[in-house]
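> need a 3D model of the following:
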Amino acid sequence: MEILFTICGRAGSKGFKNKNLKYLAGKPLVHFALAMIDIYQQKHPEHNCTTCLNTDSNELVELTTKLNPSVKIVERKPELATDTVGKIEVIRDSFLQLEREDNIFDLIIDLDLTSPLREVSNLEELIDEHLKNLDKDVYFSVVSARRNPYFNMVKRIENEVTIVNKSRYTSRQQTPEVFEMNASMYSFKPEFLKKSNYIFDGQCGIIKMRDYLILDIDSEEDFKWLEFLFPKFLEDSSELQDIYNYLYRR
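Residues are numbered from 1 along each chain as shown. Predicted coordinates for the structure are as follows:
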């Protein structure tokens, strides 16, 4: 099995400046993703893993190659570095660039750079589930939704306010189970990635993560919360300890 791992990060950030260059517990955020890939490879030598960084940031390249000099670097094209470009387009560009270099991949896995609290078992589940269900074009990680569009989410159109999905449920327990996409991990079949810009054009599958393991880092305040909570998460998770210890042995 040939697996391509992609990590994507632009220089700067409109919402939170230089968030991709931040350090957590003394280590760059990108190192947490790299460590997880390496631990996964050690646990699964039957898979050949290639890691690719797509970026226009020299600083991010330096941080990445300092930990793993073998990471393939794909320079972010200017037309793919705007706020209107979807991430799937960047992932595809990385994949096609490496494919042109005579690489063949069975799965492409994208790991979000700003999700340092993932556990290796989450990645194992993502890959295992996709390999067992190859009729699916895409697998991605989710968490249980705290709000439900059938029950307690509303929308306003002009002067009218109504439930997002019109229904007459009287309790949350009656509603369909819904999830939030947490953007932490995606697994793509190569033939789907080549032709589509929208994941819901294909057949999708999900793996569920614990919601506290993913904190959206979209502001300085978000990151301060992550720094505050990290010691507790580390104490409670042996898998996070494995990643943390891996980084501090390097």
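
> for the helix or strand bottoming out on mean pLDDT in the chain, which strands pair with it and how are they oriented?
Every helix and strand in the chain was compared by mean pLDDT, DSSP states H and E; the lowest is strand 160-163, with a mean of 90. Taking DSSP bridges as the criterion, strand 160-163 forms sheet pairs with strand 154-157 (antiparallel).

> centre of the chain versus the least confident helix or strand of the chain, how much separation?
Put simply, strand 160-163 sits 33 Å off its chain's centre (Cα atoms, centre = their mean, to the nearest Å).

> any idea which helix or strand comes after it?
strand 179-188 (DSSP states H and E).

> might one say that residue 59 is in contact with residue 28?
No: the pair residue 59 / residue 28 is not scored as a contact, 9.5 Å apart, by Cβ atoms under 8 Å. (Glycine included, C-beta is placed from N, CA and C.)

> phi, psi of residue 2?
Backbone geometry at residue 2, expressed as degrees, to the nearest 10, gives phi -100, psi 120.

> now the helices: where do they sit in this protein?
Under the criterion DSSP state H, the chain contains helices at 29-43, 58-67, 87-99, 120-132, 190-195, 220-236, 238-249.

> ok so, going back, check which residues of the least confident helix or strand of the chain are buried.
For strand 160-163, burial by neighbour count (16 or more other Cβ atoms under 10 Å) applies to residue 163.

> what sits up against that strand?
For strand 160-163, the external contacting residues (Cβ atoms under 8 Å, 6 or more residues apart in numbering) are 149, 150, 151, 153, 154, 155.

> what residue ranges in the chain score low on pLDDT?
12-15, 213-214 (pLDDT under 70).
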